[in-house]
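In: need the 3D shape of this:
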Amino acid sequence: MKYIILGAALSPFVRKVRVFCAEKGIGYDLEPISPFDPPEGWRDISPLGRIPVLALQDDDGSRRYLPDSSVICAFLEQMHPQPNLIPTEPFSRGDTLWLEEFADSELASCIGMGMFRPVVLARMTGGEPDLAKAEETYEGPLSKLLDYLEKQLGDREFYVEDRLTLADIAVATSFINMAHAGFTVDATRWPGLAGFLERMHGRESFAACIAEELAMLGRR
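Out: Model (predicted):
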């Protein structure tokens, strides 16, 4: 069976799955799909119209599909349990899944709608970047989310069990989209989070994605 990730490299959710696979040593192919111009029949594969979708391709070329990055990671964790990235201890597992949900919903939405779309996507589609909106997002709703993430991390290296888990991957991925928009976490206001992101984005799993994306954006 072959794994194929359907989606766009710049998506924080596609990146989350790619990093998850890299950390587990899972091989896959990336099949580009734009959520803004999906192929015919995409809703049959992804009922909510979102990316990524994981295609499980059998030797005869037939495919089965799993939509949603959280579902995909949960499936891959069961298929490839080592190294363990979703804890089995009940509270640690719950904490990991909560931070993933927080990152996937609140954080990704705030950065995506308030910074990435008005700046990066605007440039990609020939429009004028709305830096004022991005700055308002950073100082307004995003700052409250950063306060929470700083508090949750404390003086630890990772968010759960003092080791890498899906929680760390889910939190770190959207900040790459923020960086593409020209913003970084202020280390004087959120020193723990800033250090965490520097470490996470320096991991080979993230660094490979970042290099690929910078090349796509013409910023090698």
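In: what is the neighbour count of Ala8?
Out: 17 (other C-beta atoms under 10 Å). Where you see a C-beta, it was placed from the backbone N, CA and C, and this is true even at glycine.
In: typo on my end, it should be Lys151
Out: 11.
In: state the helix or strand in which Phe135 lies.
Out: If you look again at residue 135, you'll see it is Glu, not Phe. Assigned by DSSP states H and E, Glu135 falls within helix 131-139.
In: if you count neighbours, what's buried in that helix?
Out: Lys133, Ala134, Thr137, Tyr138 (16 or more other C-beta atoms under 10 Å).
In: ok, residues contacting it?
Out: Contacts with helix 131-139, where a contact means C-beta atoms under 8 Å, 6 or more residues apart in numbering, come from Cys110, Ile111, Gly114, Met115, Pro118, Val119, Ala181, Gly182, Phe183.
In: and what of stretch 212-220?
Out: Ala9, Leu10, Val120, Ile176, His180, Ala211.
In: now the contacts of helix 131-139 in a markdown table, with neighbour count?
Out: Shown next, in a markdown table, are the contacts of helix 131-139 (neighbours: other C-beta atoms under 10 Å):
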| residue | neighbour count |
| --- | --- |
| Cys110 | 22 |
| Ile111 | 29 |
| Gly114 | 22 |
| Met115 | 27 |
| Pro118 | 22 |
| Val119 | 25 |
| Ala181 | 24 |
| Gly182 | 13 |
| Phe183 | 20 |
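In: and the helices in this structure?
Out: 12-24, 42-45, 69-79, 90-102, 108-111, 122-124, 131-139, 141-153, 166-180, 191-202, 204-216 (DSSP state H).
In: which outside residues touch the fourth one?
Out: When you say that, I think you mean helix 90-102. Under C-beta under 8 Å, 6+ apart, the answer for helix 90-102 is 70, 73, 86-87, 148, 152, 159-161, 165-167, 170-171.
In: send me stretch 91-106 as PDB with only the CA atoms.
Out: Taking C-alpha atoms only, stretch 91-106 is exported to PDB below (Å, rounded to 0.1, in the frame of the first residue of the first chain):
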ATOM      1  CA  PHE A  91      -4.300  12.600  30.400                       C
ATOM      2  CA  SER A  92      -1.300  13.200  28.200                       C
ATOM      3  CA  ARG A  93      -3.200  11.900  25.200                       C
ATOM      4  CA  GLY A  94      -6.100  14.200  26.000                       C
ATOM      5  CA  ASP A  95      -3.700  17.100  26.500                       C
ATOM      6  CA  THR A  96      -2.100  16.400  23.100                       C
ATOM      7  CA  LEU A  97      -5.400  16.200  21.300                       C
ATOM      8  CA  TRP A  98      -6.600  19.400  23.000                       C
ATOM      9  CA  LEU A  99      -3.500  21.300  21.900                       C
ATOM     10  CA  GLU A 100      -3.900  19.900  18.400                       C
ATOM     11  CA  GLU A 101      -7.500  21.100  18.300                       C
ATOM     12  CA  PHE A 102      -6.600  24.500  19.700                       C
ATOM     13  CA  ALA A 103      -3.900  24.900  17.000                       C
ATOM     14  CA  ASP A 104      -6.000  23.500  14.200                       C
ATOM     15  CA  SER A 105      -9.000  25.700  14.900                       C
ATOM     16  CA  GLU A 106      -8.200  28.900  16.700                       C
END
